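Below are the sequence and a predicted model; questions follow.
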Amino acid sequence: MQTQKDFVLIGGGIMSATLGVIMKKLMPEAKISIFEKLDKVAAESTDGWNNAGTGHSAFCELNYTPQQSDGTVNIEKALNIASSFEVSRQFWAYLKIQNVLKGSFIKTVPHMSFLWGEDNITFLKKRHEAMTAFALFEDMKYSEDFDKVESWVPMMMKNRDRNERMGVTRMIAGTDVDFEAIAKDMMAYLKSCEGVEVYTNHKVKKFKKLSDGSWKVKVKDVKTGKSIVEQTKFVFIGAGGASLPLLQKSGIEEGKGYGGFPVSGKFMRCKDPEIIEQHRAKVYGKAASGSPPMSMPHLDERRIAGEDSLLFGPYAGMSLRFLKTGSIFDLAGSIRLHNIWPMLSVAKNEFGLIKYLVGQVTLSKKERFKMLKIYFPEAQMKNWELYTAGQRVQIMKKDKEKGGILKLGTEIINSEDGSLVALLGASPGASTSVSIMLDVLNKCFPEQMNSDDWKNKITEMIPSYGKSLIEDQQLCRDTRKASAEVLGLEE
Ligand SMILES: Cc1cc2nc3c(=O)[nH]c(=O)nc-3n(C[C@H](O)[C@H](O)[C@H](O)COP(=O)(O)OP(=O)(O)OC[C@H]3O[C@@H](n4cnc5c(N)ncnc54)[C@H](O)[C@@H]3O)c2cc1C
């Protein structure tokens with residue numbers, strides 16, 4: 001069977017869902033097919049238990065504010081991430097008013113950074129000072145006082161030496177987000193739209209660029225074994241960890257030189273209501289030196305599908321799969337002549353990462369638990385279970401000087417004519433999905449994005465669109481207040 005569609009979106013996670021909704025709002029007549037290989041949408045990284053649910057706004061994640069060699073703290077990345085999260089909040093608030101997002105998916109959970117040691121305390125103080133100059137962070141509190149910190153996180157302070165020196169920041173406006181709930185509601189909305197088909201149990205196998213610039217996409221119905229072929233003007237590869245092999249299959253020049261290394265995430269989980277009610281925060285620490293940014297330890301209050309829990313982690317696990325539901329041949333199958341040197345160069349240059357991964361994989365149950373006790377001294381092993389969360393694919397890229405480098409953050413890779421685009425990398429991930437999808441549209445539909453029609457429609461969905469929440473302090477305050485009211489959040 002061959003059909004014709006305007007757009008084909010691959011993957012049923014939050015990225016495709018977000019892009020699909022934005023496209024449908026901008027182009028109500030568009031014919032869109034979304035293909036998901038699993039029997040349901042939002043079941044890989046977007047699944048509530050597969051990620052940490054932190055609304056990444058750089059309030060507590062110390063890797064977004066690196067310390068420079070002159071001792072100053074660079075907050076540029078933090079400002080961008082915080083303003084991107086405000087964009088997501090505005091879009092979700094709009095969709096809530098429109099009754100697209102129906103369920104409960106976001107709640108206020110204060111975000112805290114918690115550090116020990118004089119150098120770390122000095123760093124945190126400087127970070128606080130630099131950040132509070134901006135409205136995005138002006139409500140951030142700093143304390144070294146035991147009693148104050150105890151009033152914020154009593155459970156963490158029980159059985160702790162009062163003379164222990166610590167530096168702590170707290171942002172009341174932090175959030176916990178159920179990205180699975182958001183993606184499912186968005187997909188349900190898309191299914192109800194005329195011209196949109198959401199296929200589950202359908203795996204995209206191949207692509208072919210045709211002489212008229214369009215793409216032929218071959219898809220297999222994994223239940224019946226039958227194939228569908230779709231011809232389309234635009235393909236979005238939002239297949240999470242599996243985006244890299246699909247990008248390679250597309251054969252576009254821009255995808256050459258990229259490699260990926262899978263790392264699985266594990267968390268400890270507590271479901272005891274008496275313990276959960278004693279900890280109302282997401283508390284982030286500092287990653288051990290040499291370890292990747294995704295390894296920052298954090299003790300989190302969570303709510304997934306209405307159920308409360310505490311999480312601690314992440315611990316890294318070795319894996320050969322690009323998805324939790326992937327194949328053990330994923331890594332080997334992604335090696336090409338054009339990415340083998342970049343991958344080997346990273347292995348040679350990033351010894352700290354390799355050491356970290358080996359150290360993590362060989363951790364015993366007792367050693368893992370010891371890490372939790374640093375944050376929660378009275379934790380008891382019987383109340384915590386270890387589980388495997390989602391899979392990340394650490395992206396590596398060809399580099400002229402070093403041969404290959406690790407790419408942290410999200411990479412948007414598009415063909416020169418904008419007819420195919422792939423999303424690689426994870427962090428800051430789902431939290432900034434709306435800004436990332438606007439970037440995708442800017443790269444692939446520059447003319448339309450410049451038109452008054454699209455600008456007006458986007459401004460209706462994201463009132464601050466085209467303005468800076470970093471520079472316009474009052475706009476930032478008003479925007480956060482407005483979305484907080486709709487989403488039922490504290491400011
Ligand atoms: C351990 C961990 C913790 C995280 N914590 C956070 C956090 O606290 N905050 C945050 O904002 N982000 C976090 N993230 C990142 C976030 O989860 C991801 O950025 C986001 O879920 C990615 O969404 P996606 O739609 O790109 O991918 P996914 O949700 O993985 O969806 C991709 C989909 O594509 C499908 N697919 C793959 N191949 C094919 C094919 N050939 N044909 C059809 N379908 C296919 C898959 O089955 C899958 O459903 C975390 C990630 C991990 C792994």
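Sure thing, it's come through.

Which positions in the stretch 251-400 of the chain make contact with the ligand?
By Cβ under 6 Å from any ligand atom, the residues of the stretch 251-400 of the chain that approach the ligand are 265, 314, 323, 389, 390, 391, 392. (C-beta placed from N, C-alpha, C; glycine too.)

Now for the closest residue to the third one other than its chain neighbours: which residues touch it?
Spatially, and ignoring its direct neighbours in sequence, residue 323 is nearest to residue 241 (4.7 Å; Cβ to Cβ, 6 or more residues apart in numbering). With contacts defined as Cβ atoms under 8 Å, 6 or more residues apart in numbering, residue 241 is in contact with 44, 45, 260, 262, 321, 322, 323, 326, 330, 391, 392, 393.

Just the ones of the residues you listed in strands?
Applying DSSP state E to those, the entries found in strands are 260, 262, 391, 392, 393.

Widest-spaced pair of the residues of the stretch 251-400 of the chain next to the ligand?
314 and 323 (17.1 Å; Cβ to Cβ).

Export the lowest-mean-pLDDT helix or strand in the chain to PDB, keeping only CA atoms.
Using mean pLDDT, DSSP states H and E, the weakest-scoring helix or strand in the chain turns out to be helix 351-361, at a mean of 80. Coordinates of each C-alpha in helix 351-361 appear next as PDB, following Å, rounded to 0.1, in the frame of the first residue of the first chain:
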ATOM      1  CA  PHE A 351      39.100   8.300  30.100                       C
ATOM      2  CA  GLY A 352      37.200   9.800  33.000                       C
ATOM      3  CA  LEU A 353      33.900   8.700  31.400                       C
ATOM      4  CA  ILE A 354      35.100   5.100  30.900                       C
ATOM      5  CA  LYS A 355      36.400   4.900  34.400                       C
ATOM      6  CA  TYR A 356      33.000   6.300  35.700                       C
ATOM      7  CA  LEU A 357      31.000   3.700  33.700                       C
ATOM      8  CA  VAL A 358      33.200   0.800  34.800                       C
ATOM      9  CA  GLY A 359      33.000   2.000  38.400                       C
ATOM     10  CA  GLN A 360      29.200   2.200  38.200                       C
ATOM     11  CA  VAL A 361      28.700  -1.200  36.700                       C
END
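
Following the chain onward from it, which element is next?
Per DSSP states H and E, the first helix or strand lying C-terminal to helix 351-361 is helix 365-375.

which residues sit against that next one?
For helix 365-375, the surrounding residues in contact (Cβ under 8 Å, 6+ apart) are 114, 156, 268, 283, 285, 297, 299, 312, 315, 379, 381, 384, 386.

follow-up on the earlier one: how far off centre is the least confident helix or strand of the chain?
Averaging C-alpha positions (Cα atoms, centre = their mean, to the nearest Å) puts helix 351-361 22 Å from its chain's average.

Quick check: residue 342 touching residue 396?
Yes: counting by Cβ atoms under 8 Å, residue 342 does reach residue 396; the two are 5.3 Å apart.

Low-confidence stretches in the chain?
Applying pLDDT under 70 to the chain flags residues 1, 288-294.

which helix in it runs the most residues?
helix 76-97 (DSSP state H).

sec struct for residue 302, please.
strand (DSSP: H, G, I helix; E, B strand; the rest coil).

To clarify, my last question referred to residue 203.
strand.

I'd say it and residue 35 touch.
Yes: counting by Cβ under 8 Å, residue 203 touches residue 35, with 7.3 Å between them.

Looking at these two, which one has more neighbours?
Relative neighbour count places residue 35 above the other of residue 203 and residue 35, with 25 against 17, counting by other Cβ atoms under 10 Å.

Could you find the closest non-adjacent residue to that one?
Per Cβ to Cβ, 6+ apart, closest to residue 35 is residue 202, 4.5 Å.

Quick one: neighbours of that neighbour, just the number.
Residues near residue 202, counting by other Cβ under 10 Å, number 24.

so what's it up against?
35, 36, 37, 219, 220, 221, 222, 228.

Relative to residue 413, how far out is it?
From residue 202 across to residue 413, the span is 23 Å (Cβ to Cβ, to the nearest Å).

ok, now residue 454?
23 Å.

one step back: give me the packing partners of the longest helix of the chain, helices and strands only.
Contacts defined by 3 or more Cβ pairs under 8 Å, 6 or more residues apart in numbering; DSSP states H and E place helix 76-97 against helix 179-192, helix 433-444, helix 452-461, helix 473-487.

which bits of the stretch 101-250 of the chain sit near the ligand?
For the stretch 101-250 of the chain, the residues in contact with the ligand (Cβ under 6 Å from any ligand atom) are 179, 203, 204, 238, 239, 240, 242, 246.

Next, count neighbours for the closest residue to the ligand within the stretch 351-491 of the chain.
Distances between the stretch 351-491 of the chain and the ligand by Cβ to the nearest ligand atom are smallest at residue 429, namely 2.6 Å. Around residue 429 there are 23 other residues, counting by other Cβ under 10 Å.
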